[in-house]
Structure formats: C-alpha cells, structure tokens
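# got a sequence here, can you build the structure:
(4 chains)
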Amino acid sequence: MKTTFDTQTIEINPTGENFTAYIDGKNVNIQILRAANGRMDLLIDGQRVTAHVSSDMAKRWVTLNGQTMMLTKTSGAKQGVRHEHAGGLIAPMPGQIRSVSVSVGEAVKKGQTLLTMEAMKMEIRIQALKDGVVKSVSVTQGQTVEREQILVEVE
Amino acid sequence: MKTTFDTQTIEINPTGENFTAYIDGKNVNIQILRAANGRMDLLIDGQRVTAHVSSDMAKRWVTLNGQTMMLTKTSGAKQGVRHEHAGGLIAPMPGQIRSVSVSVGEAVKKGQTLLTMEAMKMEIRIQALKDGVVKSVSVTQGQTVEREQILVEVE
Amino acid sequence: MFNKILIANRGEIAIRIMRACRELGIRTVAVYSDADRNAQHVQFADEAMFIGDAAPKESYLNADVLIQAARNSQSDAVHPGYGFLSENASFAAAVESANLTFIGPSADSIRAMGDKVESKILMKKSGVPTVPGYEGLEGYDDFKKAAKKIGYPVLIKAAAGGGGRGMRVVNTESELKEAIELAEREALNAFGDERLLIEKYLAEAHHIEIQVFGDKHGNFVHLFERECSVQRRHQKIIEESPSPLLTPELREQMGQAAVNAARAVGYYNAGTVEFIFDPNLSSFFFLEMNTRLQVEHPVTELVTGLDLVHWQIRIAAGEKFPFTQSELHQHGHAIECRVYAEDPSTGFLPSTGRLLQFIPPHGPGIRVDSGFATGDEVTHFYDPLLAKLIVHAGSREDAIKRMKNALNDFIVHGVVTNIDYMRAVLETDDFKQGKVSTRWAETKFGEWNVPQPDLHALIAAALADVVFVGGRAQSAVSNETDPFNPWKQTGNYRN
Amino acid sequence: MFNKILIANRGEIAIRIMRACRELGIRTVAVYSDADRNAQHVQFADEAMFIGDAAPKESYLNADVLIQAARNSQSDAVHPGYGFLSENASFAAAVESANLTFIGPSADSIRAMGDKVESKILMKKSGVPTVPGYEGLEGYDDFKKAAKKIGYPVLIKAAAGGGGRGMRVVNTESELKEAIELAEREALNAFGDERLLIEKYLAEAHHIEIQVFGDKHGNFVHLFERECSVQRRHQKIIEESPSPLLTPELREQMGQAAVNAARAVGYYNAGTVEFIFDPNLSSFFFLEMNTRLQVEHPVTELVTGLDLVHWQIRIAAGEKFPFTQSELHQHGHAIECRVYAEDPSTGFLPSTGRLLQFIPPHGPGIRVDSGFATGDEVTHFYDPLLAKLIVHAGSREDAIKRMKNALNDFIVHGVVTNIDYMRAVLETDDFKQGKVSTRWAETKFGEWNVPQPDLHALIAAALADVVFVGGRAQSAVSNETDPFNPWKQTGNYRN
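Reported below is the predicted structural model:
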C-alpha cells in the first residue's frame, strides 16, 4: 500500500508475517510485536520502536519517544495543505468576531488592525499583511467563525 | 428487547428518544445522558445513575456506585448456569494437576483429598463432598486443566 | 459540615473540588453549559444542573442562575473554583445573601484585594513593599506622563483583574495608546471594569507567590512559596515549590509580608499573595492578592502534605485551622506543568478538536488533575487547559527528571499541546539553574520549531493505515469487530 | 552509576523499577516468558529478552538464562524485584560472579536471613526478641513433641521461605501430619528446601515491619514501620504507615532492633525486618527479615518522601545513604490496598480471564502501581496481583476516606477482584480503630457475600445490549464503526 504524507511517499508491503517499508529508494524491515488501541510495538530493522498513532480524516498523529508529530495524508501531487489564500486573511482558530474596523473599498496599511476576534478569553487582532484595498469582508460583528474561515480579503 | 439474567427477565423498549424497562410487572423510565466506552450515564425514573458495563459471551459485568456485579444471560428457562455436576468435582480455577490420590472403584470418605492441583503458586486440595465410590477420574498428574473442567466423579 | 456543595465551575478544578467533597462525605452538584453536557465534571458529580448557553456570560458567569441552581439543588454552600466568578465580590455577597456559604473569603476581602488600585494603596499603608507606579489615572495624557516618569518599559494592567487578561507590556510611547485601548476593552469584557494602572516593568523579575490561609477565628498561616516564573503571554505554565531562589530568611520575610497582607483585609480561607522578586536586588514587591484557590495549588499540597481544598471547605464550615506556623514544613520538591491545548509554534494559539488519544502518565510521585478523557471535544469556549501534571520527589533535580519522564509518557492526539515545549524548557540550563524569569520564555528561549516527522514516524503512520483498518486509525466507517481482541486486526501478522 | 539494568521480574514491580531507572537515566532490559510476550512490563522497557516457557521454573526462576540475558544485553546490573529469585542467595552470588552488580544485599546476608532456622538463632544471639518455638526438628514425632510443649495452635513454616507459602496453622494434633506434608511439599516446590520450623501461633498478633536501609559503607537507618495486619491466608492485603498501634517509644525500640538485626548480618541495600506485635503485652518478636524490596514499599515512600528504588540502585552503585536517622521523619498517613484477581466469596480463589475494563482511579494523593491494562489477559501462571492502590493524606482518617473513594472509582471487569471486600474491611469499626490483627479477616470479618444485582444493575446490563450493539458490550462480531464517536451507537436516543 502506497501512502503520501505531505511530500513523502512510503509504500508498505506484507512479507510473510512481517512487512517492509519502501521509502527514498530503500527497503526497511518491520516486525509488529503488538498493535492494539492505537499503539504499536515494532521492530524496525531490528530496533524496538513504540508508536502511538491516531487518525482523523487525512491527519495522522504519531507519538514516538515522547514527541508528538502531525502528518497530513495527501494525494502526493499537492505540496501539503495550503493555509493561506492570496490576500485573504483567515481565522487562526474558532471564535467570535468582536469588531470589524474596515469596509469594502477601504485602503489599508500593512499591520493595520482590520478586525478583532475573541477566542478562549483572548482578543486576537487580524492585521493587514500588506498595503492594499479591502476587496471583501465576509464576517460581521458577533458572528462565530471556524478555524481557517476567510474573514477579509485585501488586494 | 427481552433479556433474562439468571432468573430475572427484563424488557427494554424505545419510547421516542428514551427507553422504558419493563420488569416485575412495572415500567421504569430511562433516559440516556451519555453512553460511550463501556460507560452509561442514565436517568432512571429521574435518578442519575452511572454504570460501567462490559460483556463477555453470556456474562455481563456491571459496576454501580463502586460495586461490581456479574450477571449471566440465560435463555430464561434455566435457573442460571450450574456450577456443580452431580457428584462431579470441577476445577475451581485453571491450573495444573499435581497429584491424583484415588482411582476408579475406590471407596472414599467425605472430606478425603482426592487430588491436588497447583495454580498461581498455591496448592489446592480437591476433597470428596460425600462418602462414595470413585466413578471416574478424568485427569492425570501434570495435566493442565481449565476452570470448571470435571476432574473426578464420586457416586 | 455541609451536606451538599454546588461547584460553580467546570473542568479539572470542578473535579478536583468534587474529589475533596467526596472524601469529606459531602454530596456534589455540578453545573454545565450547553457545550459541557457530556463533560467529565458533569459525569463526576452526584447531581448536575444545566445553567445556560456555551458562552461564559450565559452560564458560568451568570450569578443569578448559579445561585438559583444552588437553591434548587438544596445545596448549602457554593465553591467558585478559580476564574469565572471566583473573585467577584458581588457574587460572594449574593451567595451569602441567599443563605448559602461562599467557600472563599468575605465579599469585603475580595473587593479590597480585587481592585488593584485600592489594594496597592492599602499594601503601601500596611508596610508591604509595592512596585513603583501610579493608580487612578484618567485619560491618555495622564498615562503618557506617568509612563515617562516611571520610564519604559511599563506594564499596564486591569485594576479589577488578574491572570494576564487586560495586561500589556509597553516598550515605547508609540505603542501606548493602542495598548491602553486593548487593555481597557479586555478588562471591561473580562471583569466589567475598564480601569487600568501603570507600573514599572521589571525585566528580570521572578514571580514568587505565597500561599496563605486564614480561618474565621482570626488565625493566619502561610504555606510557603511557589515559584511561577515560567510564563508565556503572562500566563504561568510551569510552577514549583520550593523556589530555587529563596534563602530561608527571604522565605520567612515574604511569608510574614503575605500574612500581613491577608490580615490587613481581614482575610479568611485560602488566598495567594503574589510578589515580584528581583534576584539582583534580592527584593520583593507586592503584585496582587488572588482571593481564591490557585491553579497551581497542588505543588503546595505535595510539599506541605495538606489538602488545600479540604481546608477551604473546613474553614468555610467554621473549623479552626489546626496547625501553627512552626508546625508547617516543606518536604521534597514539587513541580507542576500545565498541559494546554495550544500550539507553541504559532504564538501559543489555542488548538481545538476531538481528543483521539488522551493518556495521562502515572507512577510514583506523579499526579494528574484533568477534566478530559479520550473522545472528549476541546472547544473554543473555555480555557485550553487540558491537564495539570504535577510531580513530587526528594530533590529539585529528581523532580525535574521525574517530570521529563512524565511529559514523555503523556500522549495527547487530536489537538496540539505544549508538552514538547515544556520538556524543552525543563532541559535548558537556565531552568536547571533556576534562572528563568517571567520574560525568559519570550526573550531567551526564543522561537519554537515543531519536530519534523522522521523515518519512524512515517513508517508508523503508514503502517497504522494497514494494521488498524477500521480501528482507531480510521475515522471512516468500516468493519471493526471486537475491540477487545487486539489481534483481530493484524491477522497472521502477529508475532 | 549503571548504564543498563536488567529487571529479573515481571508485572507491576518490573515497571516500577523501570520508572526509577528512567529517572536515573539508566536503560532498562525486560525479560519475558512465553505467556508475557505482550505484557505491559515488556512494552515499558527499552529492550526485552525472551527467557522461556510460561512456567516460572522455565523462565523467571531460571538463573542461568537470566544471567545470560543480562550478559547478552550488555547490562551491568540486575534488579530482582520481589518474589522469584529475589531472595535466592545462589542467584545473587551467580550474578556477582558474572561481573554484574546484584541490586540487593550480599549473597551472605540473604543466606543468613533466608534460612528461618539459622536467622532465628542468630537473632536470639543478637538480643533481638524472637517467638517461642523450635528449629532443626526431624520427623513427625519431633514435631508432635515440640507442638505439645509450645501448646496449640502452632504455626509450621518453611525454613527457607516467606510470603505465606509453605506455611500452615495447626489447631489440633490430628491436623499436624497432613499440615507438615503439605508444607514440606509447598516449601520444596517454592524454595527447593523442605525444612520446616515450628512456633507458637499468636492469635491476636499484629504484623508490624520495619524498613531498613544499609549502604556499602557501614551506615544503617530505618524508615519506620508498616502495619500489615490485614491478611487473608497469611497474605497481606492492606498495609499502612504509621501503624495506629505504635507509641513513639515502641517505634524507636523496634527501629533500633531492626537496625541491630541488619547489622548482625552485615546488611546493605533495602531490607525489611518483620515483627509480630502483641498489643496486649505491647511486646514485639522477630519474625523474619525479607532481604529485598517489599510489595508494600510505596507506603514508606509516601510517608518518608524517599524513593526506595532510587536508593536501592544508588546504594548498589556504591553511593552513601545521605541521611542520618534524625533527619528522617514520617509525614501524614499512607495506606496500600492490594487489588487481586481473586474471589473473596470462594475463599479467595484466583480469577483468570481477559480484562474487559481496567480503569484505575486517579486524583490528589492517589498512586497506582500496576502491570495491567484493558485488554490484557490475567493467566494462572503468576501471582494474581492486578494493582497496588496507594493513598497518602494528612491523617489516618483522611487516608481511609481517600482510599474508600479510590476503591469506588477502580473499575475492573473480566476477572473477579477483592475491591468490594477491601472497601468493606475499611468500613469496619475494628479497622477504623486499628484493632485488626492478622487472623481478624478469617475469625472476625467472616464470610463474604457477593452483592446481588439490583434493579439498576439489571437495567444497565439489558440496556447495554441495546446501546452498545457491536461495541464494548458485545464480543460477537458485528458492525462497530468509529469507536471515537460515542454517539454512533445510540443513534437518535442521544439526549
């Protein structure tokens, strides 16, 4: 089975009772000692490795030696998931719009606060990344927004 | 759905978003507040009840208010699962037969040690429940036995 | 003693208070907002009352509804926990007016200490050293003048508040105006009071606080210090006791100052007097008094062997605090790490989502206070504190090692946490030597880079898709069978 | 300090030792039998070595294989834990001969104390009070005469052993012969030595033991007592420290006697001197010395604040024990309950099976040392100890309350446990008043009746079949989908 995480492609193949992983032109031997409840005890080329793994849609959470990493499964063509839109400012986290300071057509300067939102008791300022003109404002005061929702576009 | 545990029969019926349990000629209202991972938070006739429940074949393990009980699902006709066989002595737990002191046809007295087994580092004596004659010996020294396996019969 | 206590809070602290109630044989009533219907604290309580919508103002900050819930459930006391209404004098007064006991100090004590302006003036009068600064200013020009006199950097903070909200460090005059506006708005929003005060910002300051206890019979003791200097965005993340900086003499002086502060406002129940400590001057300045249980109270519990919540309840019920100062001692060393759902690589922005795995560590000397379990949702409505991880060991060195191992064993999947970040902090020489000041995380520790997945991580992620088909590693519908047979999925790959 | 330690044990104690190693920065090597391939202690270690078949003789009691495993893994020390080969002098000697450090006392000390006959004679010589009785008897007639002289009831026990194996109380002469035969066989099987000794059986005896520590530089201290009188079948189930019976004077005398006992055999590392204490006479008698870590060591760790396993390792590495007797103190009160897979309603017969749910409690002052997790199999090959539940609180009264709540929160499904039984013991007036002697459980507490399922239990069981179709509550194959969506099963029944 071939899978791509972000830009890395890896192929897992069963070999009798064990597996091999093909990655970067090399084969790695894997033996599963135990796999249950989101945890795997493995021998990778003879080295004991314990990994906790969880999945949520395309995301994979992996903990190894106490370090947690997040990987994103992609089709392999895309360079990961894009988090910015051209000139569009997106919500960094879910929350509520507290104030909108600009309207469509208004000229704004780099660093100017365009709107503020509140999340987890914090006030967050959304500021212009460049000088420009407001192309669209997609939210109103009091509105609840989701993470990565586009709030305002500047061009 | 009608279920019998040991000798008690209970019928669970959905009523809209909730349930009723019919037992001993009475109806009890049940509301499920949450049910996940083997744990249920219920309102039973308005009273908050938290139960942990696990199943293993016909056995149901239930913990309520810190007390754990084991129930056995039956067809309803039987009076629970029988743990004794007429004159037959069964292994109280899994283990290994250490010695067999009697043979078929031998007369034995109540309390006489018929065989010994070892389990979890303990020596357990299997003794005659009544005076009688050994009808069968089903195990030999060194043999591993399962819980409730018949070891010897006296009649 | 009380028969039933309503806990006007949520999350880990609600559960922690309920544990104490259970141990004292007192029934517990949880309250919950719409977002918390299935929260752990609701499941943990003997009874639970719905109090309104998810937004705090509609539920956990709604005094009337909370008091009504206490009356409807026939509770005889209310424990406010920390945050929310815990330092709201009107709430404390309203609880007492409803013939319920408020488990905390009197409304007057809260009021006296809650106002950062008034309390600072009172402390000056009582001979408790305070940070140079000004109170009662009005209008931008006054602030500008004051800041100039004090000298930049200055600190602007809410007169009514605490916990870093409504607080801004201002480095130059050009930042002053917007900082005041933002702080006023946050203060108004968080505390319903937009007044601010301005102080000298001490760059190399350590945050050292003293736990105090007073009973209703006029007895006061302190339970020694907590060093809380590891902070990000003025929020504590790692606390410990004893402080690696204090000499026995300084500890004694600060303890006495804290008791004096408490006595000045006729304090009873648990409280914390926060000081700024300047290691170069070996001087301490009164910062504020928190008139409630602190988040970091467990480190004090571990080194003193006292259960602070038990004593909060007992004192509220009129019991005398049974120990004199000389009977209290610090044993060993305790450290707390606050595990937050936040991303250190994006300026500690909160992270929300469903907890796919939530496995706290355990073992000798390890305590975890948490309000979450696997499968729970971390929402954006409330504080992103997932758990408090606290360790106790014979020495500071052993406690640090124990904490590093405990952080290593703490598995959280589904939201980004600060676990790796905190372990990296513990591994610095500055932390080991006790040199971390309150601005250290921003100025010295620097940027945090997320560890990049290595070969083993890629293999594990890819293998999980093969091995756990239909199990944990896949949220799509499939043919999971018996979740109690760990081998069913791996078929003949079993070793 | 060591680089790598092989732990020649399994279960909770192997994990507990590995935690200490991790904290000291030492790599760990687990060993496992065929039955333990997937055991928690194997998963917890840095490395793991297979040592043989499930039967202890073929694996955990096989000294040659264990030493070979230590050499193959390039370990530089071996920790034996408790049980198995921990008190086997030949093993200790063989470990040292293989140029590995044995983390425990010298083979000579083990040998001197391991022989119940020789050690009793040595203690008599050293002025440590011993129980009236006879050693070195041969043949039934000698035993019969000795028993008559002492007066029934008498206690027969293995000269080589401990932990209740090979031990029999004999009430009348008619029981004597079979008791000797059984005890000899058990002793031979467990210790490879069938010699027995006979003693007066003290009916109202309390079991009080003193933890001692010696280093390799001739320093000795004791870490106070543990009261271990709650026993069934001569096996401890509940232990605590301090003992509710001891006065400071008696504590001091017993501590001194224990140190004398240790000194008499040139002891180093952790050891425990067990005494029988007669509350009517206020007298104590030497019972035996256990030359290893005890199961119940955590209660001592909690009241003294010392990590006993850390100190075992440090002392084995040649460090000096850094505290003098006067620097050691008891803080608060600690209780341990041993959670066994056994059925109190059938004479404590072990219970085996797969753990369908295994949810240990947590919270302030609660510690759990366990070698099991949900999904694990409890087999008949080894000791049925599922977990040690240990609490620490300010007072004995608070500790009892804390323990009752912790037992309440401990969920174990799949095997029968003694949890309910232990909670019932804690609720008796005798326990509360510290009056429980070693025979109390059998003679006073009486028969244990399993709680009968009530209406709510029936409803919960029946409802689970409806709600959890395909989930936890059903072992048959069905259409479980996403185990992380708790609502998928309940469909529109969700509230």
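
# for residue C:255, what are its contacts?
Residues counted as contacts of residue C:255 (CB atoms under 8 Å, 6 or more residues apart in numbering or on different chains) are C:210, C:222, C:224-225, C:325. For glycine as for every other residue, the C-beta is placed from the backbone atoms N, C-alpha and C.

# tell me which two in these are the farthest apart.
With CB to CB as the measure, no two of those lie farther apart than C:225 and C:325, at 14.0 Å.

# pLDDT of stretch C:212-225, averaged?
For stretch C:212-225, the mean pLDDT works out to 97.

# the host helix or strand of residue A:116 pairs with which strands, parallel or anti?
Using DSSP states H and E, residue A:116 maps to strand A:113-119. Strand A:113-119 sits in its sheet next to strand A:95-100 (antiparallel), strand A:122-127 (antiparallel), going by DSSP bridges.

# redo these as a markdown table? Include mean pLDDT.
Below are the strands paired with strand A:113-119 laid out as a markdown table (pLDDT from 0 to 100):
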| stretch | mean pLDDT |
| --- | --- |
| strand A:95-100 | 86 |
| strand A:122-127 | 74 |
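
# now render the ones you listed as TSV, adding mean neighbour count.
TSV is the format used below for the strands paired with strand A:113-119 (neighbours: other CB atoms under 10 Å in any protein chain shown):
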stretch	mean neighbour count
strand A:95-100	19
strand A:122-127	18
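
# which among those is found nearest to residue A:7?
strand A:122-127 (29.7 Å).

# beyond the closest one, next helix or strand please.
strand A:132-137.

# strands paired with that following strand, and their directions?
By DSSP bridges, strand A:132-137 pairs with strand A:107-108 (antiparallel), strand A:150-154 (antiparallel).

# would you mind listing what in the stretch 201-350 of chain C touches chain D?
Contact residues, the stretch 201-350 of chain C versus chain D (CB under 8 Å from any CB of the partner chain): C:298, C:301, C:305-307, C:310, C:331-332.

# typo on my end, it should be chain A
Residues of chain A lying near chain D by CB under 8 Å from any CB: A:33-34, A:36-37, A:41, A:48, A:50.

# output the below-cut-off pLDDT ranges for the chain.
In the absence of a named chain, chain A is used. Along chain A, segments meeting pLDDT under 70 span A:75-88, A:120-123.

# the intended chain is chain C.
Using pLDDT under 70, the flagged stretches of chain C are C:161-164, C:469-495.

# on that earlier part again, now that we have the residues of the stretch 201-350 of chain C next to chain D, which one has the most neighbours?
Using other CB atoms under 10 Å in any protein chain shown as the neighbour test, those are led by residue C:298, with 27 neighbours.

# tell me what the closest residue in space to that residue that isn't next to it in sequence is bridged to.
Nearest non-adjacent residue to residue C:298, counting by CB to CB, 6 or more residues apart in numbering or on different chains: residue C:390, 4.4 Å away. The partner list for residue C:390 in beta bridges (DSSP bridges) reads residue C:336, residue C:367.

# residue C:390: what's it in contact with?
Counting by CB under 8 Å, 6+ apart, residue C:390 has contacts C:298-299, C:302, C:334-337, C:366-369.

# do residue C:340 as well
C:237, C:348, C:350, C:384-386, C:417-418.

# what's next to stretch A:95-106, contact-wise?
Against stretch A:95-106 from outside (CB under 8 Å, 6+ apart): A:108, A:112-120, A:123-124, A:133-137, A:139-145, A:151-152, C:380.

# recalculate using a threshold of 7 Å.
Residues from elsewhere that reach stretch A:95-106, judged by CB atoms under 7 Å, 6 or more residues apart in numbering or on different chains: A:108, A:113-119, A:123, A:133-134, A:136-137, A:139-145, C:380.

# repeat that for stretch C:48-68.
Stretch C:48-68 is contacted from outside by C:8-10, C:29-35, C:42, C:69, C:72-73, C:84-85, C:90-91, C:94-95, C:98, C:381, using CB under 7 Å, 6+ apart.

# so residue 142, which state does it fall into?
Let's take chain A. When classified by DSSP: H, G, I helix; E, B strand; the rest coil, residue A:142 comes out as coil.

# what about it, neighbour count?
For residue A:142, the neighbour count with other CB under 10 Å is 10.

# roughly how far does it sit from chain B?
Residue A:142 sits 31 Å away from chain B, going by CB to the nearest CB, to the nearest Å.

# residue A:34 - that's part of a strand, no?
Yes: according to three-state DSSP, residue A:34 belongs to a strand.

# let me know the helix or strand that the nearest residue to it once chain neighbours are set aside is in.
Spatial nearest neighbour of residue A:34, chain neighbours left out: residue A:41 (4.4 Å); criterion: CB to CB, 6+ apart. Using DSSP H and E, residue A:41 sits within strand A:39-44.

# adjacent strands (with direction) for the helix or strand following that strand?
Later in the chain than strand A:39-44, the nearest helix or strand by DSSP H and E is strand A:47-56. Partners of strand A:47-56 in the sheet, by DSSP bridges, are strand A:39-44 (antiparallel), strand A:59-64 (antiparallel).

# ok now the first one, how far from the chain's centre?
Translated: strand A:39-44. 26 Å (CA atoms, centre = their mean, to the nearest Å).

# what do you get for the last one?
Using CA atoms, centre = their mean, the mean C-alpha position of strand A:59-64 is found 12 Å from that of the whole chain.

# show me which residues of whichever helix or strand residue C:431 is part of are buried.
Mapping residue C:431 onto the secondary structure by DSSP H and E places it in helix C:429-432. For helix C:429-432, the neighbour count (16 or more other CB atoms under 10 Å in any protein chain shown) marks residue C:431 as buried.

# just checking, which helix or strand succeeds it along the chain?
Tracing the chain past helix C:429-432, the next element assigned as helix or strand by DSSP H and E is helix C:440.

# how many residues are close by the residue nearest to residue A:146 when sequence neighbours are not counted?
Closest residue to residue A:146 apart from its sequence neighbours, by CB to CB, 6+ apart: residue A:94 at 5.3 Å. Using other CB under 10 Å, residue A:94 has 20 neighbouring residues.

# and the gap between the residue nearest to the spatial centre of chain C and chain D?
By CA atoms, centre = their mean, chain C has its centre lying nearest to residue C:295, at 2.9 Å. Counting by CB to the nearest CB, the gap from residue C:295 to chain D is 14 Å.

# is that residue in a helix, a strand, or coil?
What three-state DSSP gives for residue C:295 is coil.

# in contact with it, which residues?
Taking CB under 7 Å, 6+ apart, one finds C:82, C:388 in contact with residue C:295.

# switch to 10 Å and redo it
Residue C:295 makes contacts with C:12-13, C:81-83, C:163, C:228, C:235-236, C:239, C:336, C:338, C:369, C:383, C:385, C:388, as judged by CB atoms under 10 Å, 6 or more residues apart in numbering or on different chains.

# got it, and residue C:199?
Applying CB under 10 Å, 6+ apart, we find residue C:199 in contact with C:116, C:120, C:130-135, C:146-147, C:150, C:154-157, C:276, C:285, C:287.

# what strands line up against the helix or strand hosting it, and which way round?
Using DSSP H and E, residue C:199 sits in strand C:196-200. Strand pairing for strand C:196-200, determined by DSSP bridges: strand C:133-134 (antiparallel), strand C:154-158 (antiparallel).

# and these, which is most packed in?
Most buried of the strands paired with strand C:196-200 by mean neighbour count (mean count of other CB atoms under 10 Å in any protein chain shown) is strand C:154-158; its value is a mean of 24.

# past that one, which element shows up next along the chain?
Where DSSP H and E defines the elements, the next helix or strand beyond strand C:154-158 is strand C:168-170.

# elements contacting that following strand?
strand C:154-158, helix C:173-191 (3 or more CB pairs under 10 Å, 6 or more residues apart in numbering or on different chains; DSSP states H and E).
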